[in-house]
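[1] Model the structure of this input:
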Amino acid sequence: MGPKERRVYLERAWPRYQLASRSKNQQILDEFCAVCGYNRKYAVGLLNKALQADTVAHCGSSLAGDFVWSLTMTDIHTGWTECRAVWGKAWSKQVHDIELNLPFTGDRGNT
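    This next block holds a predicted model:
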């Protein structure tokens, strides 16, 4: 199964996982791991989180001093991506702003 097929499978499994009872979640998780070849811990992370974040320091060869960070957040179910430039390490306001301004509604999980 390739990356695109795993993504489609995740998009279909995620709503079932969110609405299921704890015992049913175990079955969905077992199925998800078997079909996609993921280890259990990684699969739980995918099924429990909707937004993934990544940062890059634009500082040259040293983390000393002040510089800009790139913050990229991606909704794993839609592929929607938001990017922000952050001065220093003040990410929390930007993360909150991204969560509030996503072009869709509903609880999408944790960051």
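
[2] Packing partners of whichever strand or helix holds residue 7?
    Per DSSP states H and E: residue 7 is located in helix 3-19. Contacts defined by 3 or more C-beta pairs under 8 Å, 6 or more residues apart in numbering; DSSP states H and E place helix 3-19 against helix 22-36, helix 40-48. Using the backbone N, CA and C atoms, a C-beta is placed for each residue, glycine as well.

[3] list the buried ones in that helix?
    Neighbour counts over helix 3-19 (16 or more other C-beta atoms under 10 Å) mark 6, 10, 13, 14, 17 as buried.

[4] and the protein, what are its domains?
    Per the record, the chain has its domains at 3-48, 51-100, by automatic domain parsing.

[5] Mean pLDDT for the ones you listed - can I get that in JSON lines?
    Below are these laid out as JSON lines (pLDDT from 0 to 100):
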{"stretch": "domain 3-48", "mean pLDDT": "89"}
{"stretch": "domain 51-100", "mean pLDDT": "87"}
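
[6] picking that back up, name the residues that touch the helix holding residue 7?
    1, 25, 28-29, 31-32, 35-36, 38, 46-47, 50, 76-77 (C-beta atoms under 8 Å, 6 or more residues apart in numbering).

[7] Looking at the residues you listed, which is nearest residue 64?
    The shortest gap between residue 64 and any of the contacts of helix 3-19 belongs to residue 76, at 33.9 Å (C-beta to C-beta).

[8] Can you pull up the most central residue in this structure?
    Taking C-alpha atoms, centre = their mean, the centroid of the chain lies closest to residue 52, which sits 2.5 Å from it.

[9] So what sits opposite it in the bridge?
    Legend: beta-bridge partners of residue 52 under DSSP bridges are residue 74.

[10] repeat for the one 5 residues further on
    When assigned by DSSP bridges, residue 57 has beta-bridge partners residue 69.

[11] neighbours of it, just the number please.
    Residue 57 has 12 neighbouring residues, counting by other C-beta atoms under 10 Å.

[12] you'd agree it is up against residue 66?
    No. Residue 57 is beyond contact range of residue 66, at 11.1 Å (criterion: C-beta atoms under 8 Å).
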